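Participant: Whatever this is, show me its structure:
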Amino acid sequence: MLPERRDETLLRAAFIVSTAGEWVFRFALPLLVLDLTGSAFFAAFTYALEFVPYVLVGLVSGVVADRMDRRKLMIGCNLSSSVVVGGIALLCLMERPPVVAVYVAAFTLSCVRPLYFPAFQGFLVDRVPEERRAVMNAWVQGSESLLNMLGPIVGISVVAFLGPAAASTVNAVAFALSALCIVLTATSPVTTLTTPLRQALRGLTPDLLTGFRLLFADPVLRSGTILLTLTNFAVHAVEANLVYVVTEVTGQSKFALGLTVAAQGAGAVAGAAVVPRLMRRFAEGPLLSVGMGALAVALLLPMTTANVLVLAPAWAVAGAATSLIVVGWFTYRQKVVDAEYMGRVVAVNRAMSFTAILPAALLGGWMVAAFPPAVLFLIAGLVQGIAWLSTLFGLVGKAGLNRPSLAVE
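Facilitator: I've put the predicted structure just below:
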């Protein structure tokens, strides 16, 4: 096997193992907190705690990923995650572990994981040839979508069958195996960055500003970041309140909810499988336009009725459209951003888009409590419709032309 393909295979294995492990963690800790406190609110807070560092730590993580040897950083992130989750397993063995200690462990782990993503994206550009990146991006998106579909079922099953302590131990082993996969990649890094973590954390502001400057220097990246933040707002306004709409407002069964979530995952996997072939024939811009438009239609369809017979097919379309958008965007970004600056650009892009999640969820929650579900789907669809039209007639819809990589003078 060629060294490039060997590294690609190991990267795939590292990604799938660590991502699968995260699903066990996501359910082990909330269930532990639920057992300790008997409070659904505190259990939900544990689950939500994971997303806070993606905004707070996410900006810094890109600079660190660009300054350090990404291979070593990924290994360190996985090993640190393994140690923290191992500590959580020990907490689970205590008769009455302090809830504060559980929260501290959860927050610590959530601060480590955002460092991994920009390092992974930068390392992918380092080790995967350009002609293979669309395939790799599609595989990552498809695998993540599949795990999003199966993860809740597998995570709950593992925790219910083994208990939080044993489930956390399995999770710790998963992170260790992911680290091993990275260790087995070629030892000679493409980049020569060897900055220690302590030095990498010094003087972050100039490099952080460079990440913002690079992201907004390219007109397509600038417009696309704004439009994808709008898309995140539209999607999460609905997704955050889907459980309430299906089970409480419309009185459908949990099976209907599961079928809807499964349809979304299946659509995303199918979309990810098709995207590489489409990208051999079409530029990223037109594909992004199609994905944005299909997502708008998917969000508007349940406005007529939130019955599962309409909602599940609509969510399958939404899953496929999301894969088209994500793979097209990632591939374009990898073309125009120099590998040296990829980590900070990815982190800034990701942090900005994540800022839309909380206000979208809160606004969506207010709407479903005050109005019929049709209003929520109408508003979400209209917001996404604006994003689609701006893509179709703007610069993002023309993305994919040959152009030089962005760099800092």
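Participant: hey, let's count contacts and neighbours off CA atoms from now on
Facilitator: Will do.
Participant: Would you check how far apart residue 75 and residue 20 are?
Facilitator: 17 Å (C-alpha to C-alpha, to the nearest Å).
Participant: scratch that, residue 240
Facilitator: 22 Å.
Participant: my guess is residue 388 contacts residue 297, does it?
Facilitator: No. Here residue 388 lies out of contact with residue 297, judged by C-alpha atoms under 8 Å, at a distance of 10.2 Å.
Participant: And the two? Which one has more around it.
Facilitator: residue 388 (27 against 17; other C-alpha atoms under 10 Å).
Participant: how far is stretch 363-372 from where the chain is centred?
Facilitator: 26 Å (C-alpha atoms, centre = their mean, to the nearest Å).
Participant: swap that for stretch 171-189, please
Facilitator: 20 Å.
Participant: How about the secondary structure of the spatially most central residue of the chain?
Facilitator: What sits nearest the mean C-alpha location of the chain, by C-alpha atoms, centre = their mean, is residue 144, with 8.0 Å. Three-state assignment for residue 144 (DSSP: H, G, I helix; E, B strand; the rest coil): helix.
Participant: Just list the residues touching residue 125, thanks.
Facilitator: 133, 334, 339 (C-alpha atoms under 8 Å, 6 or more residues apart in numbering).
Participant: any chance of those in TSV, plus neighbour count?
Facilitator: Output for those, formatted as TSV (neighbours: other C-alpha atoms under 10 Å):
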residue	neighbour count
133	21
334	20
339	21
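Participant: So what touches stretch 322-337?
Facilitator: With C-alpha under 8 Å, 6+ apart as the contact definition, stretch 322-337 has outside contacts at 125, 130, 133-134, 137-138, 141-142, 214, 221, 268-269, 271-272, 275, 279, 284-285, 287-288, 291-292, 295, 342, 345, 399-400, 403-407.
Participant: Restricted to strands, list these.
Facilitator: Within the contacts of stretch 322-337, no residue falls in strands by DSSP state E.
Participant: Which members of those occur in helices, if any?
Facilitator: Among those, the members found in helices (DSSP state H) are 125, 130, 133-134, 137-138, 141-142, 214, 221, 268-269, 271-272, 275, 279, 284-285, 287-288, 291-292, 295, 342, 345.
Participant: Please pick the buried ones from those.
Facilitator: Burial by neighbour count, 16 or more other C-alpha atoms under 10 Å: within the ones in helices among the contacts of stretch 322-337 this picks out 125, 133-134, 137-138, 141-142, 214, 221, 268-269, 271-272, 275, 279, 284-285, 287-288, 291-292, 295, 342, 345.
Participant: All the helices of the stretch 201-350 of the chain, residue numbers only.
Facilitator: 204-217, 219-239, 242-244, 254-279, 284-300, 308-336, 342-354 (DSSP state H, counting those that start in this stretch).
Participant: Export the ones you listed as JSON lines, with columns for distance to residue 171 and mean pLDDT.
Facilitator: Shown next, in JSON lines, are these (distance: least, C-alpha to C-alpha, whole Å; pLDDT from 0 to 100):
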{"stretch": "helix 204-217", "distance to residue 171": "32", "mean pLDDT": "76"}
{"stretch": "helix 219-239", "distance to residue 171": "26", "mean pLDDT": "91"}
{"stretch": "helix 242-244", "distance to residue 171": "27", "mean pLDDT": "75"}
{"stretch": "helix 254-279", "distance to residue 171": "23", "mean pLDDT": "82"}
{"stretch": "helix 284-300", "distance to residue 171": "34", "mean pLDDT": "96"}
{"stretch": "helix 308-336", "distance to residue 171": "27", "mean pLDDT": "91"}
{"stretch": "helix 342-354", "distance to residue 171": "25", "mean pLDDT": "80"}
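Participant: Ok, which of the ones you listed comes nearest residue 377?
Facilitator: helix 284-300 (5.6 Å; C-alpha to C-alpha).
Participant: what angle sits between the closest one and helix 219-239?
Facilitator: Here the directions of helix 284-300 and helix 219-239 differ by 20 degrees (axes from the mean of the first three to the mean of the last three C-alpha atoms, to 10 degrees).
Participant: same for the helix or strand hosting residue 377, what does it pack against?
Facilitator: Take DSSP states H and E as the rule and residue 377 turns out to sit in helix 373-393. Packing partners of helix 373-393 (3 or more C-alpha pairs under 8 Å, 6 or more residues apart in numbering; DSSP states H and E): helix 219-239, helix 284-300, helix 357-370.
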